[in-house]
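Asks: Below are the sequence and a predicted model for it; my questions follow.
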Amino acid sequence: MKVLHGTGVAIVTPFDDHLKIDSEALRKVVNHCIEGGVDYLVVLGTTGESVTLDPGEKKEVARLVVEVNNGRVPLVLGIGGNNTSSVAEELRSTDLEPFTAVLSVSPYYNKPTQEGIYMHFKQLAEVSRKPLILYNVPGRTASNILPDTVVRLAMECPNIIGVKEACGDMDQIKKLLGIIPKDFLVISGDDITALPTIMAGGHGVISVLGQAMPSEFSSMIELGRQGQGDRSLAIHQKMKAGMALIFEEGNPAGIKAMLEYQKICSAGVRLPLVEASPLLKKKIGEFVDEVLKMPA
């Protein structure tokens, strides 16, 4: 799955003033990312507020992204949850043809054991018509997919091709990289650990900040993949403040505030999320202006 190496971005779902899907703004987001040089797009992930979209809205977002993308870059679709049978049914009933792979989050709230996590993904792999990428994000799910469980799934389920790793623990990521089968994708799920993961042997990132600053972020990742540590680290240092700011009041409130400042989409989010505060919006705007002043 070399098409999923490099920089992927988890795109937002823009809303209008009435918090309905803003189709034109979504077109702007997709074009901004692709024209900025990202390698692939992830649709209907956490950043896309998939948990507050109804089934019809999810279909519309997916349809629009497929239409605007027009085959330019690979697409990954988010389908996950904490009810295994419901997720399996969604995989069966969704048109996956336009997508290269499915990103599926580890079950949240239930707090399953490692055996439960294994059985959950094993069942999903058996029904999915497209390859699966595991999504480990313990800060949201309250359960950590341990490296041994990832390796077990990689070895026993050919349809599971990688993991988006957002544990935030470089020791765990390095351990995983040391024991996974060859060609199994390890993709950073945190902007702040993206470059360290690449330098440790990872295959790329699914970024949040990368959709606001696709050119800079993609350059950082590509230079890191080429082993140009000094040049990639220089970009990382330039972007580091933004990586923190967009998560200061939660995701996607921060990244939507940055996209609003760039006149790409509004900052509106659906409850229980709320828009970034005026103070955070001010800091984000200052960061964007400062980055644009810096030499490439």
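Replies: Sure, I can see it. Values in this document were obtained by computation on a predicted structure and should not be read as measured data. Numbering: from 1, shown residues only.
Asks: Tell me which residues of stretch 177-193 come out buried.
Replies: For stretch 177-193, the neighbour count (16 or more other C-beta atoms under 10 Å) marks Leu177, Ile180, Phe184, Leu185, Val186, Ile187, Ser188, Gly189, Asp190, Asp191, Ile192, Thr193 as buried. C-betas here are computed from N, CA, C, even on glycine.
Asks: If you could redo that for stretch 20-33, that was the one I meant.
Replies: Here stretch 20-33 shows Ile21, Asp22, Ser23, Ala25, Leu26, Arg27, Lys28, Val29, Val30, His32, Cys33 as buried, counting by 16+ other C-beta under 10 Å.
Asks: Likewise for stretch 49-64?
Replies: Glu49, Ser50, Leu53, Glu57, Lys58, Glu60, Val61, Ala62, Leu64.
Asks: which one of those is nearest Arg129?
Replies: Taking C-beta to C-beta as the measure, Arg129 lies nearest Ala62 of the buried residues of stretch 49-64, at 15.1 Å.
Asks: Contacts only, for the closest one.
Replies: Contacts for Ala62 (C-beta atoms under 8 Å, 6 or more residues apart in numbering) come out as Val43, Leu44, Leu77, Pro98.
Asks: Would you mind listing which of the residues you listed are buried?
Replies: Val43, Leu44, Leu77, Pro98.
Asks: So of those residues, which two are at opposite extremes in space?
Replies: Leu44 and Pro98 (12.7 Å).
Asks: Would you map the strands across the stretch 51-200 of the chain?
Replies: Taking DSSP state E, counting those that start in this stretch to define them, one finds strands in the stretch 51-200 of the chain at 75-78, 101-105, 132-136, 160-165, 185-188.
Asks: how about CSV for those, with distance to Gly285 and mean pLDDT added?
Replies: Below are those laid out as CSV (distance: least, C-beta to C-beta, whole Å; pLDDT from 0 to 100):
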stretch, distance to Gly285, mean pLDDT
strand 75-78, 29, 98
strand 101-105, 31, 98
strand 132-136, 31, 98
strand 160-165, 29, 98
strand 185-188, 27, 98
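Asks: Please tabulate the ones you listed in JSON lines and include distance to Ser93 as additional columns.
Replies: JSON lines is the format used below for those (distance: least, C-beta to C-beta, whole Å):
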{"stretch": "strand 75-78", "distance to Ser93": "13"}
{"stretch": "strand 101-105", "distance to Ser93": "13"}
{"stretch": "strand 132-136", "distance to Ser93": "16"}
{"stretch": "strand 160-165", "distance to Ser93": "20"}
{"stretch": "strand 185-188", "distance to Ser93": "26"}
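Asks: Touching, Lys281 and Tyr261? I think so.
Replies: Yes: under the criterion of C-beta atoms under 8 Å, Lys281 makes contact with Tyr261 at 7.1 Å.
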